[in-house]
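[1] Got a predicted structure here, sequence first:
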Amino acid sequence: MVEKDKLVEMKVKHSGVFDFKDVYGFVYTWFTDNEYQVEEKLYSEKSKGDQKELEVSWTVRRKVSDYFRFIIKADYRVLRMTNVDIMKDGVKVIMNKGDFEVKFQGILERDYENRWENTAFLRFLRGIYDRYIAKSTREGYEGQLIGDVQEIVSQTKAFLSLSAR
C-alpha cells in the first residue's frame with residue numbers, strides 16, 4: 001500500500017489588487033521549471049453579479065526515486081473578485097481585486113508503485129527498508145520537499161506584492 005506522509009501545510013493570503021491569470025501562470029511555471037507534473041483536478045468559477053468566486057485544485061507530482069515521490073497539493077480560492085482599471089507606468093491595465101488564498105500541502109509518498117505489496121514477505125522487507133535502510137534518505141527527501149513548499153510560498157508572496165504595485 002502506498003504510504004503518504006503529510007509533512008507541511010502553508011498558506012498565502014492576499015486581499016487587494018492582483019492579476020489572477022498572472023499568479024496562476026507564475027505558480028504553474030515554477031512547478032514545471034522544478035520538474036513537477038501539474039494535474040488540475042478542479043476549476044470552478046461562479047459569478048455573483050459583477051463578482052466572481054474561483055476554486056482551483058492541483059495535484060503536483062515529482063518522482064525523486066523509484067521508491068519516493070513528492071506530491072504538493074495546491075488549492076486556490078478567490079472570493080469577491082472584480083475587474084478594476086489600474087494605472088501602471090502611465091498605462092491603463094485591467095487587474096483583479098478581491099481576496100486571494102492558496103494553500104500548499106507537501107506530501108511524501110513511499111512505494112508509490114506498490115512494488116513491495118505483492119507478498120507478506122515483501123511487506124516485511126519494506127518495513128525493514130523504511131525503518132533502517134532508507135531512513136536517512138527519507139529524511140533528506142522530507143527536508144527537500146519542505147524546502148520546495150517554503151520556496152513556492154515565498155515566491156508566490158513576492159510575486160503578489162510585486163504585481164500589486
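    Thanks, I have it. Numbers count the residues shown, from 1 in each chain.
[2] Quick check on Ser65: phi, psi?
    Backbone torsions of Ser65, given as degrees, to the nearest 10, read phi -160, psi -180.
[3] The one 3 residues further on too?
    When quoted as degrees, to the nearest 10, the phi and psi of Phe68 stand at phi -110, psi 140.
[4] for the protein, which helix is longest?
    With secondary structure taken from DSSP state H, the chain has its longest helix at helix 135-163.
[5] can you pull the buried residues of that helix?
    Residues Arg138, Tyr141, Glu142, Leu145, Asp148, Val149, Ile152, Val153, Thr156, Phe159, Leu160, Ser163 are the ones in helix 135-163 that count as buried (16 or more other Cβ atoms under 10 Å). Where C-beta positions appear, they are placed from N, C-alpha and C, glycine not excepted.
[6] Looking at the residues you listed, spot the one nearest Val64.
    Nearest to Val64 among the buried residues of helix 135-163, counting by Cβ to Cβ, is Tyr141 at 5.9 Å.
[7] Surely the closest one is in contact with Tyr67?
    No. If you go by Cβ atoms under 8 Å, Tyr141 and Tyr67 don't touch, sitting 9.6 Å apart.
[8] Now do the SS call for the residue most central in space within the chain.
    Nearest residue to the geometric centre of the chain (Cα atoms, centre = their mean): Ala74, 3.4 Å. Ala74 falls in the strand class when you classify it by DSSP: H, G, I helix; E, B strand; the rest coil.
[9] Helix or strand: which one has the residue nearest to it when sequence neighbours are not counted?
    Sequence neighbours aside, Trp58 is the residue nearest to Ala74 in space, at 4.3 Å (criterion: Cβ to Cβ, 6 or more residues apart in numbering). Taking DSSP states H and E as the criterion, Trp58 maps to strand 51-63.
[10] contacting residues around that strand?
    Strand 51-63 has contacts (Cβ atoms under 8 Å, 6 or more residues apart in numbering) with 20, 24, 31, 34-46, 69-82, 98.
[11] buried stuff in that strand?
    Lys52, Glu53, Leu54, Val56, Ser57, Trp58, Thr59, Val60, Arg61, Arg62.
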